[in-house]
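Q: any chance you could fold what I've pasted below:
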Amino acid sequence: MTKQIRALARGLTVVNTINAAASPVSLGDLHQATGIDRATLLRILATLEQEGWIFRGMGDRLYRLAYRLHELGEQVHINDAVAQVVAPVLEQLQQRLHWPSDISVFDGEGMTIIETSRSRSTLVLNRELIGYKPSMLKSAIGRVYLAYCDPRRRESILSRIRDKGGEEGRIAADSRYIEQVLQEVRDRGYGVRDPSLTSLPTDTLEEFSAIALPIIVQGDIQACLSFVWIKSAYDAVGIEESFYQQLKPDADHLAALFEQNGLY
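A: Modelled structure (predicted):
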């Protein structure tokens, strides 16, 4: 394990303590909350103030976070926050089931993969996947999102696909087919890819299978958890259902993490 910088850790502890406080804090408040001795606290506070991370009120002489931290917070993209929250779960999934998994969100136009454990896999899979936008109508990810999203949002997505024309535009115009596919997703609890959809380019000629589960918070789908494996590795009937049963608790756990962190 990489050795930590203790002074930096203490400085961040002080920043977090000031941020968590209901009101500006005194030196005594920080000493009581952090357990750091007063002399060390004074050095930390002086450094943080000099670097512009905190300031001390002129009237009450209490410590507050500087406005630059609020500006810094504005630079944290919601997708980065999601990626940070989901990464440990994807890591545990990869260790437990060996195959990689991805998290994707709807970006206003389509689904975008924002985090993946593929780089941790010993298997040769298409690893440079961040930012990839799968098909809304043929991918497991797109289908599960359409199946569980708000009906008005679904119609808006389908309308844009119809307007673009081409093969997917024709599919989107077939309302009976679309509803049949999406109802199958709801009945199963997960999405599967269209058989005609080819895998992304990789260093192997193997074909991949994938399923995607919804991450639902307060009745609305916020993201998708997808799981990928090499098709030839299993010949058992019902392997998709088997993986779904193993992944469902993780999707529920992710939904709870989304809610706890206000990611909805």
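Q: would you state the strands of this protein in chain order?
A: Under the criterion DSSP state E, strands of the chain are mapped to 54-56, 63-65, 101-106, 111-116, 191-192, 208-217, 220-230.
Q: quote the end-to-end distance of stretch 104-112.
A: 5 Å (Cα to Cα, to the nearest Å).
Q: for the longest helix along the chain, the averaged confidence score.
A: Looking across the chain with DSSP state H, the single longest helix is helix 239-260. Averaged over helix 239-260, pLDDT sits at 96.
Q: for it, buried residues please.
A: Glu240, Phe243, Tyr244, Leu247, Asp250, Ala251, Leu254, Ala255, Leu257, Phe258 (16 or more other Cβ atoms under 10 Å). Every C-beta, even on glycine, is put in place using the N, C-alpha and C of the backbone.
Q: was I right about Ile216 contacting Ala255?
A: Yes. Counting by Cβ atoms under 8 Å, Ile216 does reach Ala255; the two are 5.7 Å apart.
Q: touching both of those two, which residues are there?
A: Both Ile216 and Ala255 are in contact with Gln222, where contact means Cβ atoms under 8 Å, 6 or more residues apart in numbering.
Q: could you give the angle of the longest helix of the chain to strand 208-217?
A: 30 degrees (axes from the mean of the first three to the mean of the last three Cα atoms, to 10 degrees).
Q: helix 239-260 packs against which elements?
A: helix 78-97, strand 208-217, strand 220-230 (3 or more Cβ pairs under 8 Å, 6 or more residues apart in numbering; DSSP states H and E).
Q: how about the first one as PDB, C-alpha atoms only?
A: This file holds the C-alpha atoms of helix 78-97, laid out as PDB (Å, rounded to 0.1, in the frame of the first residue of the first chain):
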ATOM      1  CA  ILE A  78     -22.200  14.800 -11.800                       C
ATOM      2  CA  ASN A  79     -20.800  11.900 -13.800                       C
ATOM      3  CA  ASP A  80     -17.600  12.100 -11.900                       C
ATOM      4  CA  ALA A  81     -19.500  11.900  -8.600                       C
ATOM      5  CA  VAL A  82     -21.400   8.900  -9.900                       C
ATOM      6  CA  ALA A  83     -18.100   7.200 -11.000                       C
ATOM      7  CA  GLN A  84     -16.600   7.800  -7.600                       C
ATOM      8  CA  VAL A  85     -19.500   6.200  -5.800                       C
ATOM      9  CA  VAL A  86     -19.900   3.200  -8.000                       C
ATOM     10  CA  ALA A  87     -16.200   2.300  -8.500                       C
ATOM     11  CA  PRO A  88     -15.900   0.200  -5.300                       C
ATOM     12  CA  VAL A  89     -19.000  -1.800  -6.200                       C
ATOM     13  CA  LEU A  90     -17.700  -2.600  -9.700                       C
ATOM     14  CA  GLU A  91     -14.300  -3.600  -8.200                       C
ATOM     15  CA  GLN A  92     -16.000  -6.000  -5.800                       C
ATOM     16  CA  LEU A  93     -18.200  -7.400  -8.700                       C
ATOM     17  CA  GLN A  94     -15.100  -8.000 -10.800                       C
ATOM     18  CA  GLN A  95     -13.400  -9.900  -8.000                       C
ATOM     19  CA  ARG A  96     -16.500 -12.000  -7.300                       C
ATOM     20  CA  LEU A  97     -17.700 -12.800 -10.700                       C
END
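Q: quick one on the thing from earlier: so can I have a markdown table of the helices and strands packed on helix 239-260 showing mean neighbour count?
A: Putting the helices and strands packed on helix 239-260 into a markdown table (neighbours: other Cβ atoms under 10 Å) gives the following:
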| stretch | mean neighbour count |
| --- | --- |
| helix 78-97 | 16 |
| strand 208-217 | 24 |
| strand 220-230 | 23 |
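Q: ranked by average pLDDT, which of those falls at the bottom?
A: The bottom spot among these, by mean pLDDT, belongs to helix 78-97, with a mean of 89.
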